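Undergrad: Here you go, sequence then predicted model.
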Amino acid sequence: MSGRPGTGPEASGIPNVLSIAGSDPSGGAGIQADLKSIAACGGYGMAAITALTAQNTRGVTGVHTPPAAFLTEQLESVAADVRLDAVKIGMLANVEVIRAVGAWLEGLRAQASAAGCGDGGARPPAIVLDPVLVATSGDRLSGSGSVAALRRLLPLVDLATPNLPELAALCGRPVATDWAGALEQARELSAGYGVLVLAKGGHLAGKECPDALVGPEGVLLEVPGERVDTPNTHGTGCSLSSALATLFARTGDWARALVLAKAWLRGALEASGQLEVGGGHGPVHHFAALWSGAGVPREEASLDTWWNGIADLRESIDGLGFIRQLREGTLARADFEHYLAQDALYLQTYGRVLSQASALAPDLAAQRFWAQSAHGCMVSERTLHQGRLELADGALPAVVPSATTTGYLNHLQAAAASGSYPVLAAALLPCFWLYRDIGARLAAGNRPDHPYADWLAMYSSPEFDEATRQAIGWVQAAANTARPAELAAMRTAFRESSRWELEFFDQRPEAATRAAVPGPATAARGS
Ligand SMILES: Nc1ncnc2c1ncn2[C@@H]1O[C@H](COP(=O)(O)OP(=O)(O)O)[C@@H](O)[C@H]1O
Ligand SMILES: Cc1ncc(COP(=O)(O)O)c(N)n1
């Protein structure tokens with residue numbers, strides 16, 4: 001999903017990004033949203049205005065469209081002087097304006113090929129088209145005939161980002177009512193016009209809000225997302241498309257740009273309640289991450305990137321006989337009890353290390369989260385182990401810790417001993433995240449007569465889901481402000497814990513770990 005080789009900013013690393021869009025005087029959508037998004041994502045923003053709207057967070061009351069020839073003059077003036085790394089196209093109010101933009105794009109292409117693109121000559125910028133037809137308020141923003149004219153624009157752009165009604169209009173079909181239908185329409189559009197399409201889940205019903213990059217053969221990358229419960233969705237499409245244009249110019253890869261843009265937009269939606277703008281669908285908080293000290297989105301600080309980076313380990317965990325048998329309920333009791341006994345030893349020390357994260361936490365809210373997790377680990381999970389292993393309250397199983405249990409705990413304790421809260425939090429996270437992930441799949445096989453039903457239910461419970469969501473949030477917050485060396489140590493600690501999780505699931509009873517030891521066992525050195 002890389003773009004044309006070499007497209008992107010030169011020495012400064014700051015891409016020049018042009019928005020060709022309408023003005024929203026209330027600042028939440030259109031060029032105002034675009035310029036904020038471009039700046040928030042690390043680009044230098046420019047804007048050629050296609051139309052003036054009179055609108056606020058409740059709706060659009062008027063549209064004034066200057067002559068298309070004047071738009072062409074703006075575009076030519078900017079392009080004659082400024083290297084363009086990416087272009088985002090938004091509201092184009094009528095067919096003449098759409099044609100003017102099409103003609104300018106063709107001119108850019110012709111110039112690039114005349115200059116010998118790829119041989120060190122001028123390269124055309126990456127082009128993102130958000131085919132705006134209707135505002136969030138339901139008001140029309142483009143005239144009749146626009147759909148056919150926009151279709152002719154599609155082959156001239158790299159990525160189109162229609163919402164579900166726009167996607168349906170461009171395909172000439174009814175609006176998709178489910179995600180599978182949306183993906184199929186996106187595939188059809190991509191195949192029909194030779195353009196990459198971003199299918200967006202914003203208009204779906206339900207609590208999921210996925211987006212997917214779709215090519216002529218189907219989905220190239222799907223990024224899941226939970227719907228943020230807010231009315232402040234004015235300008236989300238404008239903001240996302242500008243963020244994508246900017247982040248593509250920075251990374252040279254649509255998939256990487258999407259992962260970063262979606263995480264950034266999510267933060268902007270979550271923080272939108274901090275703004276007090278209007279009484280309808282308010283704007284997102286474009287600068288929430290910047291103002292909290294996180295800076296512009298960095299790939300190495302994105303937990304989505306970390307998660308994708310352990311795809312190999314996740315796949316190996318899924319492939320383990322232990323996990324398959326646990327799901328099916330065919331796992332031998334001896335194997336399950338061996339695992340449980342090791343897990344009980346593990347959790348005793350894991351609880352202590354969670355308490356150390358609480359002690360190192362930078363503020364009260366984080367301190368409280370890790371302390372509550374330590375409590376949860378000691379109480380609810382231990383209760384389950386005690387019941388299943390028939391242990392007296394507070395007793396540990398009479399087995400010695402396996403080499404894997406000891407190795408994993410040593411790793412966690414080393415992270416605690418480093419004194420770095422971000423590194424420790426990153427090391428603790430896989431025990432939440434991987435269990436939630438595996439738990440969701442295990443739960444699919446759960447049934448009342450499943451021999452390990454209580455176990456399966458625990459890791460797919462809403463409480464564990466919420467705890468995991470919060471743990472991810474705390475580690476992401478720590479990553480956002482971490483300096484490069486600490487960030488690298490965080491990511492290493494995260495991967496290392498994930499690797500230990502794989503080994504932990506893969507251990508089977510061996511003679512050494514079966515030896516009974518008198519009294520409560522110590523889980524690991526130093527605990
Ligand atoms: N409530 C929400 N929570 C999380 N993401 C959202 C929400 N609403 C929209 N989005 C995201 O905002 C972007 C724009 O989506 P959409 O609303 O479908 O487009 P448009 O703004 O063009 O109508 C997409 O990435 C979508 O997933
Ligand atoms: C000038 C202008 N351009 C675009 C939109 C669409 O906004 P949204 O991103 O909410 O679909 C808008 N309301 N106003």
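TA: On my side now, so go ahead. Ligands and ions are numbered 1, 2, ... in the order given.

Undergrad: So what's the model's average confidence on stretch 473-484?
TA: Averaging pLDDT along stretch 473-484 yields 95.

Undergrad: mind exporting that stretch as CSV, just the C-alpha atoms?
TA: Taking C-alpha atoms only, stretch 473-484 is exported to CSV below (Å, rounded to 0.1, in the frame of the first residue of the first chain):
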residue,chain,number,x,y,z
GLY,A,473,-5.2,4.1,27.4
TRP,A,474,-2.7,4.5,30.2
VAL,A,475,0.1,3.0,28.2
GLN,A,476,-0.8,5.0,25.2
ALA,A,477,-0.7,8.2,27.3
ALA,A,478,2.7,7.3,28.6
ALA,A,479,3.9,6.5,25.1
ASN,A,480,2.6,9.8,23.7
THR,A,481,5.0,11.8,25.8
ALA,A,482,8.0,9.4,26.0
ARG,A,483,11.3,10.4,24.6
PRO,A,484,12.7,8.2,21.8
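
Undergrad: Below-threshold pLDDT in the protein: ranges please.
TA: Segments of the chain classed as low confidence (criterion: pLDDT under 70) are 1-11, 117-122, 380-381, 510-527.

Undergrad: Quick check: residues of it near ligand 1?
TA: Contact residues (Cβ under 6 Å from any ligand atom) of the chain with ligand 1: 163, 200-203, 209, 211, 225, 227-228, 230, 233, 236-237, 240, 262, 265-266, 269. Just so you know, the C-beta spots here come from the backbone N, C-alpha and C atoms, and that holds for glycine as well.

Undergrad: Can you list which of those are found in helices?
TA: 236-237, 240, 262, 265-266, 269 (DSSP state H).

Undergrad: Save those residues as TSV, and put in neighbour count too.
TA: Formatted as TSV, those follow (neighbours: other Cβ atoms under 10 Å):
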residue	neighbour count
T236	25
G237	25
L240	28
K262	22
L265	25
R266	17
L269	22
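
Undergrad: now, which of those residues sits nearest V95?
TA: Distance to V95, by Cβ to Cβ, is smallest for G237 among these, at 21.2 Å.

Undergrad: Show the contacting residues for the closest residue to ligand 1 within the stretch 251-400 of the chain.
TA: Nearest to ligand 1 in the stretch 251-400 of the chain, going by Cβ to the nearest ligand atom, is L269, at a distance of 5.1 Å. Contacts for L269 (Cβ atoms under 8 Å, 6 or more residues apart in numbering) come out as 228, 230, 232-233, 236, 284.

Undergrad: Type out the ChimeraX command that picks the buried ones from these.
TA: Here is the ChimeraX command that selects the buried residues among the contacts of L269 (16 or more other Cβ atoms under 10 Å):
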select :228,232,233,236,284
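
Undergrad: The contacts of L269: which ones sit near ligand 2?
TA: Within those, those near ligand 2 by Cβ under 6 Å from any ligand atom are T236.

Undergrad: Tabulate the contacts of L269 (a markdown table), appending distance to L340.
TA: Below are the contacts of L269 laid out as a markdown table (distance: Cβ to Cβ, whole Å):
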| residue | distance to L340 |
| --- | --- |
| V228 | 38 |
| T230 | 42 |
| N232 | 46 |
| T233 | 46 |
| T236 | 46 |
| V284 | 46 |
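
Undergrad: With only the CA atoms kept, save the particular helix or strand that has R436 in it in PDB.
TA: R436 is part of helix 421-444, with elements assigned from DSSP states H and E. Output of helix 421-444 as PDB, limited to C-alpha atoms (Å, rounded to 0.1, in the frame of the first residue of the first chain):
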ATOM      1  CA  TYR A 421       6.800   3.900  34.900                       C
ATOM      2  CA  PRO A 422       6.300   3.900  31.000                       C
ATOM      3  CA  VAL A 423       8.500   0.800  30.600                       C
ATOM      4  CA  LEU A 424       6.800  -1.000  33.500                       C
ATOM      5  CA  ALA A 425       3.300  -0.200  32.200                       C
ATOM      6  CA  ALA A 426       4.200  -1.400  28.700                       C
ATOM      7  CA  ALA A 427       5.600  -4.700  30.200                       C
ATOM      8  CA  LEU A 428       2.300  -5.200  32.100                       C
ATOM      9  CA  LEU A 429       0.000  -4.600  29.200                       C
ATOM     10  CA  PRO A 430       0.200  -7.800  27.200                       C
ATOM     11  CA  CYS A 431      -1.300  -9.800  30.100                       C
ATOM     12  CA  PHE A 432      -4.400  -7.700  29.700                       C
ATOM     13  CA  TRP A 433      -4.500  -7.200  26.000                       C
ATOM     14  CA  LEU A 434      -3.600 -10.700  24.800                       C
ATOM     15  CA  TYR A 435      -6.000 -12.300  27.300                       C
ATOM     16  CA  ARG A 436      -8.900 -10.000  26.200                       C
ATOM     17  CA  ASP A 437      -8.100 -10.800  22.600                       C
ATOM     18  CA  ILE A 438      -7.800 -14.600  23.100                       C
ATOM     19  CA  GLY A 439     -10.700 -14.400  25.600                       C
ATOM     20  CA  ALA A 440     -13.100 -13.000  23.000                       C
ATOM     21  CA  ARG A 441     -12.300 -15.900  20.600                       C
ATOM     22  CA  LEU A 442     -12.500 -18.500  23.400                       C
ATOM     23  CA  ALA A 443     -15.900 -17.100  24.500                       C
ATOM     24  CA  ALA A 444     -17.300 -18.000  21.100                       C
END
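
Undergrad: next structured bit after it?
TA: Taking DSSP H and E, what comes next after helix 421-444 is helix 453-459.

Undergrad: name the helices or strands packed onto that next one?
TA: helix 321-328, helix 382-389, helix 421-444 (3 or more Cβ pairs under 8 Å, 6 or more residues apart in numbering; DSSP states H and E).

Undergrad: hang on, isn't Q470 packed against F369?
TA: Yes. Counting by Cβ atoms under 8 Å, F369 is a contact partner of Q470 at 5.7 Å.

Undergrad: Looking at these two, which is more packed in?
TA: F369 (20 against 17; other Cβ atoms under 10 Å).

Undergrad: so the helix or strand harbouring the more buried one versus helix 421-444, what angle?
TA: Under the criterion of DSSP H and E, F369 resides in helix 364-376. Computed by axes from the mean of the first three to the mean of the last three Cα atoms, to 10 degrees, the angle separating helix 364-376 from helix 421-444 equals 50 degrees.

Undergrad: Helix 364-376: which residues count as buried?
TA: Quick answer for helix 364-376 (16+ other Cβ under 10 Å): 366-367, 369-371, 373-374, 376.

Undergrad: count of neighbours near Q111?
TA: 14.

Undergrad: any idea how far it lies from ligand 2?
TA: To ligand 2, Q111 is 28 Å away according to Cβ to the nearest ligand atom, to the nearest Å.
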